[in-house]
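**Q** using only what follows, build the 3D model:
(chains A and B, ligands or ions: 1)
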Amino acid sequence: MTDTTQYTRQDWQSDQEVRWCPGCGDYTILASLQNFMADFGVDRENVVFVSGIGCASRFPYYMNTYGMHGIHGRAPAIASGLAVARPDLSVWVVTGDGDALSIGGNHIIHSMRRNINIKVLLFNNQIYGLTKGQYSPTSERGKKTKSSPWGVIDYPFNPVSLAIGAEATFVARTIDMDRPHTQEILTAAYQHQGSAFVEIYQNCNVFNDKAFIALTGKEERDVNRIVLEQDKPVVFGPDDAMGVVIEHGEARIVEVADVGIDAIHVHDATVENAGAAFALSRLSHGPTGPTPIGIFRSVDRSTYASDLQQQIHDAQAARGPGDLALLIAGAGTWEVSD
Amino acid sequence: MSEAPTTDITDIHAVAIRFAGDSGDGMQLAGTRFTEASAIFGNDLATFPNFPAEIRAPAGTLPGVSSFQVQIADRDILTPGDQPDVLVAMNPAALMANLPDLAPAGTIVINSDAFDERNLTRAGYTTNPIEDGSLNAYRVLAVPMEEMTKKAVEGTGLKGRGVLRSKNFFALGLMGWMFGRPIDTTLEWITKYYGKEPDVQAANEAALRAGYNVGLTTEMFRSTYRVQRAKMPPGTYTNVTGNQALAWGIMAAAQAARLPVFYASYPITPASDILHELSRHRNFGVRTFQAEDEIAAVGAALGASFGGHLGVTGTSGPGLALKSETISLAVMTELPLLIVDVQRGGPSTGLPTKTEQADLLMAMYGRHGEAPLPIVSVSSPADAFLATVEAVRIALKYMTPVILLSDGYIATSAEPWRIPDLSTLPDISVPFATVSNDPERFLPYLRDPQTLARPWAVPGTPGLQHRIGGLEKEDRTGNVSYTPANHQKMTLLREQKIARIADDIPEVVIDTDADADVLVIGWGSSFGAILAGVRRVRAKGHKVARVHLRHLNPFPKNLGDIVKRYPRVLVPELNRGHLWRLLRADFLIDAISYSKVEGRPFKAAEIESRLMELIES
Ligand code: SF4
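**A** Numbers count the residues shown, from 1 in each chain, chains lettered A, B, ... in the order given. Take a look at the predicted model:
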């Protein structure tokens, strides 16, 4: 971040023609991100976008930053190496539900667990777009796709639950169409020290149109969006008549009038115990009904890179900066003379 | 005052000793300490540790036998010896498993306490070989090592099961006496290593001394042996294993390149010791990253390379297979990356603790698409140091992934190493791009006309923002391109870049007799056995030529001329003919493969007899 550079959105656009299908949710997310970066005054040369394979993974080509379009599922691994080697950079991973949760599942969970300073934007469209319409690990059961003509029999992942279970220190959800909310979440993710996981509901208008209509439709969204706000009671719907209570580790939707506002759960993403965040994440699977968006969890933990840096610092303080000749000789030597 | 019995001292030039016992008997430790004492004494030596794949196979059984062979000599030797002259057998299973290897009329030192009914049955003996005459062809010294260790350890405070654990030091002391090894080096080591557990330290010291003194004061050994110091080139020496030298080679290369090291790896036998060694050296700024899997390890190393670090990943065959997709990405993105493959017996989990050279063709061709990359090989434990520096030099200068092939034999064996003067290492640094190479926009794929390498512009450099990735790149701009002519061009450019490295590596040096008409050509860890075999053939008055390759891709420029000069070319390899195939394909010669896949290195005698067959045919 700097006070001196003034950017506009154009400064963040690369010279490459953007090639998603017309109407794809990716366009809106790209615009939100370019706006956020410009507004925030991040220096372009210090930003790196790393991606895997999939529609979402074309992202780095469209950003005028450093970038690597990697291979399927491996972006978190590549980004981990980069972020640990270069803690001075702002490293972003753009991925999709197939890329992150299927082929790259192992890397996603371990990068979260290690609290590596990467910002993971998971564009969840609940379908494989680039390979033209197979079901994904977030597709709902029963869905008929090219590879599931009889209906999907897999149980889907809930990405937010998964990230919380994987020890992510920052977990949030937003929606492609809601640009102000997206920018707010991106800002918080950027400012978070450590791994940040952001699920973005992204409409694939070609293979899975209106998957998120419950949250984006004109009528539906008012009843279904549960916007999580720090230190505020979790209420939603017209006139905030509905609310969420958490009892015995389980979140439930109630009418506020029935329980009284004091019984409604007050959201605090910063508590170390992930129980409430997890309970909130279980409110919805789908999403077909009321679904929380916002920041589920945001806790402070030292990052992998800062701990590693500390070890290097401590080792140098204790032993001095290494001398390889001394190290080799330290294994026990003998002299041979003529 | 009683005199110690007089013993004869016989001078010998070389002896190979094998310590064998249950994997819990501490034979690796006994062998390593004997090696260290011999190294410091000034012998030349070579070692061969051999352990079971199971961490703790059932005690007393054949699968649980672990051994360590060391050859010490008063001259330059190249192998741990084809056949041990002395076998230390700590139990019946160790005897059963190792007796077939013992030299005719060799010496067997037996821990007779372990030869009870139960252990004999477990090993498959129906009668006790110490008593049934089956060992009459050997010189057998049966010593009740456990009894004697117990007595020696009495009064050190150590009680119970721990007491018998010191019996490997007893055996070591006994061998120390037999071969005139001073025990003070080992005593010093015991203090350093066990200083924090005074009772264990005292017990091990007592057992070591007892073993030595039993030799000194009893008539058990009528003669002892003396192996004089070897005549070696002057310098400062240390004893290294291949994995250790390779790890230090990575650190040295990073210094010579003025880059921080980022080593990402997933635990795998026999490569893990490289990770262990490097993770100790945080004060050198070495960053190690134990990844969640092999794929993540190479991915993280590549990410670090993108960020301007020396990205390195280490593994063995199964891991190399998993990394192959990411290595292709490194070929496409043209980033420097070192991939260390410590080969072991395959396929699949195969023989994880045994050695083989059967990953060469995977290193060469085991990627999708046209994805050529340089391959460098390690010839011996000490050689690992400079081979690693060379591999890194190529990776940086040519902006390419490089595979460095070592193997299980090199990784765990040790030999004396004359420590090079580190200040004489070449400067292998490569400047990062700092300014744009074009007035319009930075061109990440604009190549150096000489090396064809592209510029290394690392994130954080203002004005050089660019995107790389796995999709085909347009020449110069690096933009995504599916144009037919561009793909043809880029494929050839990537190929030429690697081929041109041949101009930048030393020509092969041929070790030949005038008028030799048999050439033996090898690579990797068979270096010692081949050279020793060649020496034996020459000692018989025959003529032979020898080449040992470090660079396997591209081949040195003069290799084609050399191999075509000899009517017969023999290619010994611990695989089914990998280099053999490459030589035949590249040079259209009718080379002869000499293949062995037993999980064990070649013996000098095997090379010798195969060469003799050829010479006499
Ligand atoms: S297939 Fe779907 S996700 Fe992919 S670009 Fe088209 S609309 Fe977007």
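
**Q** find the nearest non-adjacent residue to residue B:232, please.
**A** Nearest residue to residue B:232, sequence neighbours excluded (C-beta to C-beta, 6 or more residues apart in numbering or on different chains): residue A:336, at 4.9 Å. The C-beta positions use only the backbone N, C-alpha and C, and glycine is treated the same way.

**Q** state the number of residues packed around that neighbour.
**A** 16 (other C-beta atoms under 10 Å in any protein chain shown).

**Q** check which residues of the worst-scoring helix or strand of chain A on mean pLDDT are buried.
**A** Least confident helix or strand of chain A, by mean pLDDT, DSSP states H and E, is strand A:333-336 with a mean of 86. Counting neighbours by 16 or more other C-beta atoms under 10 Å in any protein chain shown, one finds that the buried residues in strand A:333-336 are A:333, A:334, A:336.

**Q** picking up where we left off before, contacting residues for the residue nearest to residue B:232?
**A** Residues in contact with residue A:336 (C-beta atoms under 8 Å, 6 or more residues apart in numbering or on different chains) are B:42, B:232, B:233, B:234, B:235, B:237, B:418.

**Q** which residues does the last one bridge with?
**A** The one in question is residue B:418. Note on residue B:418: beta-bridge partners by DSSP bridges are residue B:237.

**Q** tell me, how many residues neighbour it?
**A** Residue B:418 has 13 nearby residues by other C-beta under 10 Å.

**Q** I'd say it and residue B:237 touch.
**A** Yes - Residue B:418 is within contact range of residue B:237, at 5.5 Å (criterion: C-beta atoms under 8 Å).

**Q** quick revisit: filter the contacts of residue A:336 to the buried ones?
**A** Applying 16+ other C-beta under 10 Å to those flags B:42, B:232, B:237 as buried.

**Q** residues touching the last one, list them.
**A** With contacts taken as C-beta under 8 Å, 6+ apart, residue B:237 has the following neighbours: A:333, A:334, A:335, A:336, B:39, B:416, B:417, B:418, B:419.

**Q** how far away is it from residue B:281?
**A** 22 Å (C-beta to C-beta, to the nearest Å).

**Q** any bit of stretch A:115-132 sitting next to the ligand?
**A** Yes - residues of stretch A:115-132 contacting the ligand under C-beta under 6 Å from any ligand atom: A:125, A:129.

**Q** then stretch A:88-106?
**A** No - Stretch A:88-106 does not reach the ligand (C-beta under 6 Å from any ligand atom); its nearest approach is 7.8 Å.

**Q** give me the distance from that stretch to the chain's centre.
**A** 8 Å (C-alpha atoms, centre = their mean, to the nearest Å).

**Q** restricting to C-alpha, output it in PDB.
**A** Taking C-alpha atoms only, stretch A:88-106 is exported to PDB below (Å, rounded to 0.1, in the frame of the first residue of the first chain):
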ATOM      1  CA  ASP A  88       6.500  -8.700   0.900                       C
ATOM      2  CA  LEU A  89       4.100  -9.600  -1.900                       C
ATOM      3  CA  SER A  90       0.300  -9.700  -1.900                       C
ATOM      4  CA  VAL A  91      -0.500 -13.100  -3.300                       C
ATOM      5  CA  TRP A  92      -4.000 -14.000  -4.500                       C
ATOM      6  CA  VAL A  93      -5.300 -17.300  -5.700                       C
ATOM      7  CA  VAL A  94      -8.200 -17.400  -8.000                       C
ATOM      8  CA  THR A  95      -9.900 -20.800  -8.200                       C
ATOM      9  CA  GLY A  96     -13.200 -22.500  -8.900                       C
ATOM     10  CA  ASP A  97     -15.200 -25.300  -7.200                       C
ATOM     11  CA  GLY A  98     -13.700 -28.000  -9.300                       C
ATOM     12  CA  ASP A  99     -10.200 -26.600  -9.200                       C
ATOM     13  CA  ALA A 100     -10.100 -25.900  -5.400                       C
ATOM     14  CA  LEU A 101     -12.300 -28.600  -4.000                       C
ATOM     15  CA  SER A 102     -11.900 -31.500  -6.300                       C
ATOM     16  CA  ILE A 103      -8.400 -31.900  -7.800                       C
ATOM     17  CA  GLY A 104      -6.800 -29.300  -5.500                       C
ATOM     18  CA  GLY A 105      -8.600 -30.300  -2.300                       C
ATOM     19  CA  ASN A 106      -5.400 -31.300  -0.500                       C
END
